[in-house]
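Student: Need a 3D model of the following:
(chains A, B, C and D)
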Amino acid sequence: MARVLLFGRLSDVAGWREREIESPFLSALRTRLAADDPGLGEALARPGVQVALDQVIVRGDAALNARTEVAFLPPMSGG
Amino acid sequence: MARVLLFGRLSDVAGWREREIESPFLSALRTRLAADDPGLGEALARPGVQVALDQVIVRGDAALNARTEVAFLPPMSGG
Amino acid sequence: MIRLTFDPFDPGALLTEFCRGRTEVGAVATFTGLARADAGSTAVLELEAYPGFSEAEIGKIAAEAQVRFKLADHFILHRIGRIGPGEPIVFVATAARHRRAAFEACDFLMDYLKSRAPFWKKEHGPDGARWVEPRAEDHADIARWDKERSS
Amino acid sequence: MIRLTFDPFDPGALLTEFCRGRTEVGAVATFTGLARADAGSTAVLELEAYPGFSEAEIGKIAAEAQVRFKLADHFILHRIGRIGPGEPIVFVATAARHRRAAFEACDFLMDYLKSRAPFWKKEHGPDGARWVEPRAEDHADIARWDKERSS
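Tutor: Predicted coordinates for the structure are as follows:
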């Protein structure tokens, strides 16, 4: 049960901000999110969208455990 | 009776800050001040010492009237 | 110190506190960013942060500024949530022995905060809401510091 | 606005006042200069002004800054008389639509105030009192702006 967080325009696209989703890998989580909501899948695949696992930016795939916090971060706008 | 004001180190040299002195011209006032106090005369003649008449910087000689404010300003140090 | 707040704040009260008891510092520079009304075209600004992550990311840049400009101290407070016209959005204070360092560090931190800091910004105007990306000008501002670093 | 004061002041209270009701400004930069104790080597600073003349001369430069940096507003308060370690000496605030202008105007005004402004400064230390002239660094700081003007 990874804890998935969406920020900025991503949560507007999805209609939610935070969800518990079971997935063993980040890649599998992306596939699952895109299957459930193609619009969100497309938004997550856009250039500039970063992923943080437990508040650390990661690139590529990664294993998730039951308590991993997965945050999808669109390009940061500054304050 | 011009009103003579000394600022910064000039008032330390002279031992006064403000005096009423009768003098028809700035040049005559300088001569008079130097005659009364050679140390002050020398300090007033140093490079960088400016004179303001009624709060306006002047160069060269000028006529003084009974109510002219004559200020001798050593180099300004900033705050 | 880096803090985020949902509540309105008074930059003056922060400056008073920041200056207290500083007898060896000499120079304190501050910047306050206020939400502009733009003559009614922007009613409300909404800023989203990622709590924990946003403070940590800003803290990394602040630590860099602390070393780079030999700061004695720094303080950053950033509003998040909904912000009305005229309300302070951000307050940055820097303290250093000499004023050039204090000014430059404050300028550097603001350039970062306005262009790359981990916030997502939405403007609610009369024509609805829109997400805002950094302006080209903001990118140019922060790029100045990269140039100086490599030169 | 330019003011001189013999009394201690709180820069924070001035910033609070300066920010009040600004809905079209966006950027407020400030600088606060504090008297340094220099680990006991300077006990008290004494600043002399020429009342009327000093405000007017500073006002000329502030008017120049107002135009040059397209300021919305500015405020300068300078202590005169005897100033103890850690006490604020000068507070400058500038308001502009964009932050670059606010920072640069504040920086420019401080360079002027520290190098050419009509004050005479005496330091009272453990070895007696001495009149202070501007440092070479202050002259170099203010010269930066002359260069920019002619280029």
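
Student: so which helix or strand takes in the residue nearest to the spatial centre of chain A?
Tutor: Centroid check for chain A by CA atoms, centre = their mean gives A:F72 as the closest residue, at 3.7 Å. For A:F72, the element it lies in under DSSP states H and E is strand A:69-73.

Student: Now A:G39: closest residue in space that isn't a chain neighbour?
Tutor: Among residues not flanking A:G39 along the chain, A:V13 sits closest, at 5.5 Å (CB to CB, 6 or more residues apart in numbering or on different chains). To be clear about C-beta, it is placed using only N, CA and C from the backbone, and glycine gets the same treatment.

Student: What mean pLDDT does the helix or strand where the one you found lies get?
Tutor: Using DSSP H and E, A:V13 sits within helix A:9-14. Mean pLDDT, helix A:9-14: 97.

Student: which other residues reach it?
Tutor: Helix A:9-14 is contacted by residues A:L6, A:R17, A:D37, A:G39, A:L40, A:A43, A:L44, A:V49, A:F72, A:P74, C:W120, C:W131 when judged by CB atoms under 8 Å, 6 or more residues apart in numbering or on different chains.

Student: These: which two are farthest apart?
Tutor: Taking CB to CB as the measure, these span a maximum distance of 19.3 Å, between A:D37 and C:W120.

Student: which residues does C:A72 contact?
Tutor: C:A72 touches C:R22, C:E24, C:V25, C:A95, C:A96, C:R97, counting by CB under 8 Å, 6+ apart.

Student: Look at residue 7 and say how many residues are nearby.
Tutor: Let's take chain A. 23 (other CB atoms under 10 Å in any protein chain shown).

Student: Chain C, not that one
Tutor: 7.

Student: Would you report the backbone torsion angles of it?
Tutor: Backbone geometry at C:D7, expressed as degrees, to the nearest 10, gives phi -100, psi 150.

Student: Now do the same for it: its pLDDT.
Tutor: pLDDT, read off for C:D7, is 97.

Student: Looking only at neighbour counts, state which of A:D37 and C:W120 leads.
Tutor: C:W120 (26 against 16).

Student: and the more buried one, what pLDDT?
Tutor: Looking at C:W120, its pLDDT stands at 96.

Student: Could you do C:D141 as well?
Tutor: For C:D141, the predicted pLDDT is 78.

Student: wait, isn't it in contact with C:L113?
Tutor: No. The criterion here is CB atoms under 8 Å, and C:D141 misses it with C:L113 at 10.6 Å.

Student: sorry, back to before: for whatever helix or strand comes next after the helix holding A:V13, which helices and strands make contact with it?
Tutor: Using DSSP H and E, the helix or strand that follows helix A:9-14 towards the C-terminus is strand A:18-21. Helices and strands touching strand A:18-21, by 3 or more CB pairs under 8 Å, 6 or more residues apart in numbering or on different chains; DSSP states H and E, are strand A:2-6, helix A:26-36.

Student: how far away is the residue nearest to A:G39 from chain C?
Tutor: 10 Å (CB to the nearest CB, to the nearest Å).
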